[in-house]
Structure formats: C-alpha cells, structure tokens
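Colleague: One predicted model, sequence on top.
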Amino acid sequence: MADEDDGGERSEDPTQKRLDDALERGDVAKSQEVNTWFMIAGATLVISNFSGSIGDIQTPLKNIIANSWMIRVDGPGLLMLMQNLEYVLFAALGLPILMLIIAAIAGNMLQHRLVWSAESLTPKFSKISPMEGAKRVFGKQALANFAKGLFKLIALGAVMTAILWPERHRLESMLRFDPSALLGVVVSLTLHLMGSVVAMLAVVAIADYFFQYRQWYERQKMSLREMKEEFKQSEGDPHIKGRIRQLRQQRMKKRMMAAVPKASVIITNPTHYSVALSYERGMPAPICVAKGVDLIALKIREIAGEHNIPIVENVPLARALYANVEIDEEIPVEHYHAVAEIIGYVMGLRRGLSGRR
C-alpha cells in the first residue's frame, strides 16, 4: 500500500540524472518568444548596418536592364548572367543572412546547450489521442499562449499606433517621393518601429522563458517510487548491497578466526575488546591479524585458549589498537613501546617454559 501511495504524486524535486536524461531526450525548457526576439533584434541590426549595401543591388540590376540588348540568350550567356546575379546577391545579402542565422542559434543556445535527439520524431499515440488533444487545447499551456498572444497583439497595435499615427501626413506625401529618396525614409521609419517592438518583446520573452522553465521543471518532478527506482539503478538495490556487505563481513570474520592461532599475543580487556597481534623476529613491527568486540572478542579469546596463545589484559591499549589499526596492518608508532613490553614479556614466558622443559 505504501508503494502505491508513493507512485501517485510527483512532489519531489528532480535529480540531476533526471534533468540530464530529459536533455538527452530533447525535452528542454524552451521559449519560442526568446527565439522570436533574437530574430527581430538581428533583423533590426541588419537593417541598421546593411541597408546601404542592400540598396547597392539597384546599380547592377539597372545595368542589366539598361544593357539587356547586349545579353546573349544562348545557354552559356544565360549561365554567365545567373552567375553574375548570384555574386551580386551574395555580396549584398551574404553577411546579413549569416547574422540572422547566428541570431537564431544564439536564441536556442542561450536557453539550453545544443541537443541532437530523434525522439521528438518518434510517432506517439498521445499526439493523436483526443483526450491528450483536449488537454493541450484547454490546458494551462494553451491558456498561457492565448494570454501571451492577446497581450502581444494589443501591445504591438499600441506601439505601431504610437509611432505611425504622428507620421500619417508624412506617409501620405511619400506617394510623391522620388523612388531613390524613398528608401532612406522607409529604413528610418522601419528602424524606429522595430526598435520599439524589440523593447516590448524583450519583456514578453523574459516572462515567457521563466514560465516555460517552470512548466518544464514541474514536468521533471518525481514521485517517491521514481526516486527509489532511480536510486536502485544508479547506486544498486539497497537489499543487494546489504547482502553483499554481510557476506564480506562473514568472509572477513572467517579469515580473522583462521589467523588467530598464528597470533603471538591477544591484547584484551576483560569484557569487550580483543586484538590479536602477530610478531616474529626480523619484522619491523607487530601486525594485527584479528580484532573484534563483544561476541567476536569472546570468540577470539576462546580460539586463543584452545591454541595456548597468551592473553594479556590491557584496557587502554586494547581500545586504542582496536580504534587505530586495521586487519593486516602494522600497529601505529605511538603504540610501539607498550606493545614491545607485552611482546617481550610473552617471549620471556616462552623462553622460561622452554628452559623448564
């Protein structure tokens, strides 16, 4: 029952793995208004800086029309004419188009890094499902898009009215302008209008991005069951890890108990700690071959008694060795003196027993 309850509500913040998986699927926080703003801002920049070069197209086109009687109409002549037109158009429009492409890429990269995913092209039943379609039409996203579109329509209408209404008499008189003088007036008025639109759309783009990011983040939230499943996939099943840890401890315990008969001395306190040390002549320092507390400590003392291993009670030394030395490691330098006294005492006992025999 608890697992069923956990699987319902997505109330947990997404993990970094969840966010990375969403990015790989192509599911990213993206506002189309940010891309629109970059494109309009790029177009405004292009018009303000390259309107003169775009106007230079008139000269070669006029020359072609004025000298049309000289143009050869056979295959090579027409091919040469098309090549000349391509060069003219590329020289005038190449850099402006490149700037627009950069603006389109920058609008996406500002929101997320580039993503290559074919999952969005995969057919999905939800795309043709009437229920899912109703959710898209009447959902929160659709309501936000409607409000956003209505605001843009009203705001753009207000901006265009504020700019063009004072120029209405000038616009009427432009019908009598010379075509060569008309381009400068149109560019100036267009830049004024587009600059105001860019400023207005900046507010819309920022607000829409934060809204889209919040919607995307809410979609990535996880239920408790999903959190558990992800933890199992990334870290392993806790039950399996616990079983592995238990098996390792059992193997280590068996290895320790098998090493106790080879110990030189068991340092212990009467009730809790036992540390088995092994030392032979020529070794730089004694080595801990087994240690334990409570039941394991009692088992070490029992095995030591069965194999006549000396047991020395030293409460502070037993506690210190248990805390500071691991299995198959040499004892720390600060315990050399105390352990040397005990080893010397044990070896003295052995020599005495050997002499009596």
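Modeller: Perfect, I can see it now.
Colleague: For L193, pull up the helix or strand it's in.
Modeller: Using DSSP states H and E, L193 sits in helix 179-220.
Colleague: What helices and strands are in contact with that helix?
Modeller: The contact analysis (3 or more C-beta pairs under 8 Å, 6 or more residues apart in numbering; DSSP states H and E) places helix 179-220 against helix 16-25, helix 32-55, helix 140-164. All C-beta spots, glycine's among them, are computed from the backbone N, C-alpha and C.
Colleague: Tell me what angle that helix forms with helix 32-55.
Modeller: Interaxial angle, helix 179-220 versus helix 32-55 (axes from the mean of the first three to the mean of the last three C-alpha atoms, to 10 degrees): 160 degrees.
Colleague: could we number from 367 for the rest of this?
Modeller: Right, with 367 as the first residue, what we last looked at is helix 545-586.
Colleague: Would you indicate which residues of whatever helix or strand comes next after helix 545-586 are buried?
Modeller: Next in sequence after helix 545-586, counting helices and strands by DSSP H and E, comes helix 590-601. Neighbour-count burial for helix 590-601 flags 590-594, 596 (criterion: 16 or more other C-beta atoms under 10 Å).
Colleague: now, among the residues you listed, which is nearest to L445?
Modeller: Comparing the buried residues of helix 590-601 against L445 with C-beta to C-beta places E596 closest, at 62.5 Å.
Colleague: Tell me how many other residues crowd the residue lying closest to L476 once chain neighbours are set aside.
Modeller: Once flanking residues are discounted, L476 sits nearest to V400: 6.7 Å by C-beta to C-beta, 6 or more residues apart in numbering. Residues near V400, counting by other C-beta atoms under 10 Å, number 22.
Colleague: element containing the closest residue to L411 other than its chain neighbours?
Modeller: What sits nearest to L411 in space, not counting adjacent residues and going by C-beta to C-beta, 6+ apart, is M465, at 6.7 Å. If you go by DSSP H and E, M465 is part of helix 441-475.
Colleague: for that helix, the distance to its chain's centre please.
Modeller: 38 Å (C-alpha atoms, centre = their mean, to the nearest Å).
Colleague: Also stretch 618-636?
Modeller: Distance, centroid of stretch 618-636 to centroid of chain: 50 Å (C-alpha atoms, centre = their mean).
Colleague: about what we covered before: now the residue nearest to L476: how far from N674?
Modeller: According to C-beta to C-beta, to the nearest Å, V400 and N674 sit 83 Å apart.
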